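Peer 1: Predicted model, plus sequence, below.
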Amino acid sequence: RTALQIGDEPGLYTELFQPFDPAARYFGFARAAFETRLVNTFDSDGDKLSELRARGPGLSLGVGRQFGTWGEARLGWLRRTGTIEVGVGEDQPDRDFDTGEVFLSLTNDKLDSLYFPRSGHFGRVEWRASRDAFGADANFEQANVAFQLARTWGRHTLLGGALVKTTFDGTAPLQSLHELGGFLRLSGFEEGRLNGQQAGLGRLVYMRRINDIQQFRAYAGGSLEVGNVWEDPGDIFAGNNIFAGSLFVGADTPLGPLYFAYGRNDFGEGSIYLSVGPLFSF
C-alpha cells in the first residue's frame, strides 16, 4: 500500500507485506518513506521556544510471525536520515540527524473495531535499541508498553487504557523523543505538544451510540486522562501529573472515522479538534 499525508507533517510512504507460507503465519515486511515530524522545545518554565521539523527519508525491513487472529510478533531494522530545521521560533542553523535501530514488538489485538471499539482488548510490548553501529547518532534503548480494554452495555461503552514509554541506557535525541498531546492523549494540548525521555498516559473513555444507521454509526462521549512526560525515570512518580478531559462526537463514515471534540487540561489550555482517521489506538 502507498499513502500520501498532507498538513503540518507531510509525507509519502509505501509498504510491502509478503507472506512466506499459504497461511500467512510467517511474513516479511518493508517500508520506505519520506516523512516530516514536528518537535517542540521549551524553556524551564514550560513555555514553548520553537517548533522544529525533522524531515528525511527512511527505510525499515523485517520479518514477523502471525498467531491466528490473536496477534503478531515482529523483528526489524530501521534506518532514517534527514535534517532538523526551525519551523517557528528563534533562528538557528539546520542540523543533520541519523537514526539506526533494531526493534522487537509483540502485539495482541482483539478489539472489534479500529475506529470505535466496543469490545475486546489490545496490548503491545515493544523494545528498540539505537546503536552507532547501525548508523545512529546516539546509543540508547527504549521500551513501550500499552494496553486497552473495551466493554459495552447496550448503547454504552467504556474504554480504559494505559501507555508507558521509557528511554534507558542512554539519552534519545530530538527526533526519537516520546510525545503526548492531542485528542485523547492529554486533550487540550495540540498534537505533540509535550515530549521527553519518558512518557506515561492513563485514560477512561465513555461513548454512547446515538443512531442505528449501519453505514454511518454515530457516537457521543467524553474522556478523563492523566499523564505527563519526564526527563528522568524517577520523575514518573513525583506526582506532577497533568489532568485532562474531552467531550466529543464521532461517526464511522464511508470515508473513515470522523471526530469533532473539545479538550481541556489543568494547565488551562483548551483545543478544538476535527480529525479524520483512527484515534483510539495507542
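Peer 2: All right, it came through fine.
Peer 1: quick one: strands adjacent to the strand or helix carrying residue 228?
Peer 2: Element membership for residue 228, per DSSP states H and E: strand 217-230. Here the strand partners of strand 217-230, with direction, are listed using DSSP bridges: strand 198-209 (antiparallel), strand 242-253 (antiparallel).
Peer 1: Those: which one's closest to residue 276?
Peer 2: Closest of these to residue 276 is strand 242-253, at 8.6 Å (criterion: Cβ to Cβ). Every residue, glycine included, has its C-beta placed from N, CA and C.
Peer 1: Can you give the contact residues for the next helix or strand after the closest one?
Peer 2: Past strand 242-253, heading to the C-terminal end, the next element that is a helix or strand (DSSP H and E) is strand 256-265. Judged by Cβ atoms under 8 Å, 6 or more residues apart in numbering, the contacts made with strand 256-265 from elsewhere in the structure are 115-116, 183, 186-189, 223, 242-251, 270-279.
Peer 1: number of nearby residues for residue 102?
Peer 2: 15 (other Cβ atoms under 10 Å).
Peer 1: List the residues that contact it.
Peer 2: With contacts defined as Cβ under 8 Å, 6+ apart, residue 102 is in contact with 75, 76, 77, 78, 128, 129, 131, 134.
Peer 1: For these, which two are the farthest from each other?
Peer 2: Based on Cβ to Cβ, the longest span within the contacts of residue 102 runs between 75 and 131 and measures 15.3 Å.
Peer 1: These two: who's more crowded?
Peer 2: residue 131 (15 against 12).
Peer 1: you'd agree that one is up against residue 100?
Peer 2: Yes - using Cβ atoms under 8 Å, residue 131 is in contact with residue 100, at 6.6 Å.
Peer 1: burial of residue 33, as a residue count?
Peer 2: Residue 33: 17 surrounding residues under other Cβ under 10 Å.
Peer 1: From residue 73, how far off is it?
Peer 2: Counting by Cβ to Cβ, to the nearest Å, the gap from residue 33 to residue 73 is 22 Å.
Peer 1: And residue 57, by the same measure?
Peer 2: Separation of residue 57 from residue 73 (Cβ to Cβ) stands at 27 Å.
Peer 1: Same question for residue 41.
Peer 2: Using Cβ to Cβ, one gets 36 Å for the distance from residue 41 to residue 73.
Peer 1: Next: residue 114.
Peer 2: 20 Å.
Peer 1: Name the nearest residue to residue 175, ignoring sequence neighbours.
Peer 2: The shortest distance from residue 175 to any residue that is not its chain neighbour, by Cβ to Cβ, 6 or more residues apart in numbering, is 4.4 Å, and that residue is residue 54.
Peer 1: what residues are up against the closest residue in space to residue 222 that isn't next to it in sequence?
Peer 2: Nearest residue to residue 222, sequence neighbours excluded (Cβ to Cβ, 6+ apart): residue 247, at 4.8 Å. Residue 247 sits next to 221, 222, 261, 262, 263 when contact means Cβ under 8 Å, 6+ apart.
Peer 1: out of these, which one sits closest to residue 83?
Peer 2: Closest to residue 83 out of these is residue 263 (32.2 Å), distances taken as Cβ to Cβ.
Peer 1: From residue 1, how far off is that closest one?
Peer 2: Using Cβ to Cβ, one obtains 31 Å as the distance from residue 263 to residue 1.
Peer 1: sorry, back to before: tell me which of the contacts of residue 102 is nearest to residue 153?
Peer 2: Compare each of the contacts of residue 102 with residue 153 using Cβ to Cβ and the shortest gap goes to residue 128, at 38.6 Å.
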